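Participant: Mind looking at a prediction? Sequence and model below.
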Amino acid sequence: MNEHMQSNNVHVIDHPLVQHKLSLMRNKEASTNTFRRLLNELSMLMAYEVTRDMPLQEVEIETPLEVTRAKVIDGKKLVFVSILRAGTGILDGMLSVVPGARVGHIGLYRDPKSLMAVEYYFKLPENVEERDIIVVDPMLATGNSAIAAVERLKELNPKSIKFVCLLTCPEGVAALQKAHPDVPIYTAAIDRQLNEHGYILPGLGDAGDRMFGTK
Ligand code: URA
């Protein structure tokens, strides 16, 4: 898969399949079912990119013909951390590609007036200091939830943190990078701008509502 690397540690995954599926998701006529299926497929493709630098080790394996050395993933398992509730949509796809990963959840809601993130849930696996974390949330908009989630995760001293979203905007990228310049961002697109209600334009609307059919 060919990934276009931009400056400032932002990786735009410009694979044609990713771009095609994202365009279908933007369409307001896409049903809840279609939206969820596309998000699932897209997440599998993004998992492929974000795990590209996972370390490998060689182990001995006996094939039906002989003993050989072959590569397997090294070290402690990855942790996917889903920001509730919309992160669930990405988590499912990623877990189908990396089924052995551990999973954490952070419950954050956006205060509709201040647009600030308020935490209501936090549950992570043990030994996070020996693990790499991949935070998932479909929309990196104001960046407030992402910043709060990463801040909270850093308290646990993980080996590394990456952030994966479907869609972002210049404001979201700038905010997250300013607060956490060490956290690489993986996204399928950087849209034009944020509107005054904290929505990405042109965007795809409210990702949670669209995947769960709540509006
Ligand atoms: N969250 C969404 O679901 N959509 C946006 O456009 C911004 C934040």
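Facilitator: Sure thing, it's come through. Numbers count the residues shown, from 1 in each chain.
Participant: Next, give phi and psi for residue 163.
Facilitator: Main-chain torsions, residue 163, degrees, to the nearest 10: phi -120, psi 130.
Participant: pLDDT wise, what is residue 115 at?
Facilitator: Note on residue 115: pLDDT of 73.
Participant: Okay, buried residues for whichever strand or helix holds residue 107 please.
Facilitator: Using DSSP states H and E, residue 107 sits within strand 102-110. Of all the residues in strand 102-110, those buried under the rule 16 or more other C-beta atoms under 10 Å are 102, 103, 104, 105, 106, 107, 108. No exception for glycine: its C-beta is placed from N, CA and C like everyone else's.
Participant: The very next helix or strand once past it vs strand 102-110, what angle?
Facilitator: Downstream of strand 102-110, the first helix or strand assigned by DSSP H and E is strand 117-123. Using axes from the mean of the first three to the mean of the last three C-alpha atoms, to 10 degrees, the inter-axis angle of strand 117-123 relative to strand 102-110 is 160 degrees.
Participant: does strand 117-123 come close to the ligand?
Facilitator: No: using C-beta under 6 Å from any ligand atom, strand 117-123 stays clear of the ligand, coming no nearer than 11.5 Å.
Participant: continuing past that strand, what's the next helix or strand?
Facilitator: Taking DSSP H and E, what comes next after strand 117-123 is strand 132-136.
Participant: Neighbouring strands of that following strand in the sheet, and parallel or not?
Facilitator: strand 79-84 (parallel), strand 160-164 (parallel) (DSSP bridges).
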